[in-house]
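Quick check, what structure comes out for this input:
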Amino acid sequence: MKNYQHTQRGTLLITVMAAASLAAMLGGIALKPVLLVVPALLFSGWLFHSMTIEITDGELRWSFGPGWIRKRVPLDLVISAEPVRTNVAEGWGIHISRFGWLYNVSGFSAVAVKMKNGQHFALGTDEPVVLAAHLQRE
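Here you go, the predicted model:
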């Protein structure tokens, strides 16, 4: 049974990838680089067009776009979940931030999660208070 599920769209990310692809095609770049750059941008946009977060079956799970990139952690390892704000420098995608690994497709709202094993990470979401409340209840 799912206790929580929410998908956030990465509208700005998709727009930037599409605009960069269009600019590469129209900008007079030599043919060979365009053949590499445009598919890479479009593929990246497709992979990261959304992020789904679920709390179900004793696990916190999240995945990007079609689900090829996904992760899960047991809820019994989670000791805290706090709404936080990221900044422009921390950006979007998957990378290290001041909260540990950051997984984000849009905006600057996130939930910082700390685990019993000392690991910590942040999940970008457009409903950080709701997600944090669900994680603190579990």
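
Helices of this protein, start to end?
11-26, 31-47, 128-137 (DSSP state H).

Out of those helices, which is the most enclosed?
Among those, ranked by average contacts under mean count of other CB atoms under 10 Å, first place goes to helix 128-137 (a mean of 17). Just so you know, the C-beta spots here come from the backbone N, C-alpha and C atoms, and that holds for glycine as well.

Need the contact partners of that one.
Applying CB atoms under 8 Å, 6 or more residues apart in numbering, the external contacts of helix 128-137 come out as 3-4, 6, 53, 55, 60, 75, 78, 80-84, 109-111, 113, 123, 125.

Gly107: neighbour count?
The number of residues packed near Gly107 is 17, by other CB atoms under 10 Å.

what's the answer for Gln5, then?
Using other CB under 10 Å, Gln5 has 11 neighbouring residues.

where's it relative to Leu102, distance?
Applying CB to CB, to the nearest Å, the value for Gln5 to Leu102 is 21 Å.

circling back to that earlier point, narrow the contacts of helix 128-137 to just the buried residues.
The neighbour count (16 or more other CB atoms under 10 Å) marks 4, 53, 55, 60, 75, 78, 81, 83-84, 109-111, 113, 123, 125 as buried among these.

residue ranges with poor pLDDT in the chain?
Residues of the chain meeting the criterion pLDDT under 70: 1-2, 27-35, 138.

Could you chop it up by domain?
What automatic domain parsing lists as the domains of the chain is 2-7+51-137, 10-46.

now do the same end-to-end measure for the shortest one.
End-to-end distance for domain 10-46, by CA to CA, to the nearest Å: 10 Å.

same deal with stretch 97-109?
By CA to CA, the extent of stretch 97-109 from end to end equals 13 Å.

List the buried residues for that stretch?
Buried residues in stretch 97-109, counted by 16+ other CB under 10 Å: Ser97, Phe99, Leu102, Tyr103, Asn104, Val105, Ser106, Gly107, Ser109.

As CSV, the residues you listed with distance to Arg70 would be great.
Converted to CSV, these look like this (distance: CB to CB, whole Å):
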residue, distance to Arg70
Ser97, 19
Phe99, 19
Leu102, 16
Tyr103, 10
Asn104, 15
Val105, 13
Ser106, 18
Gly107, 20
Ser109, 21
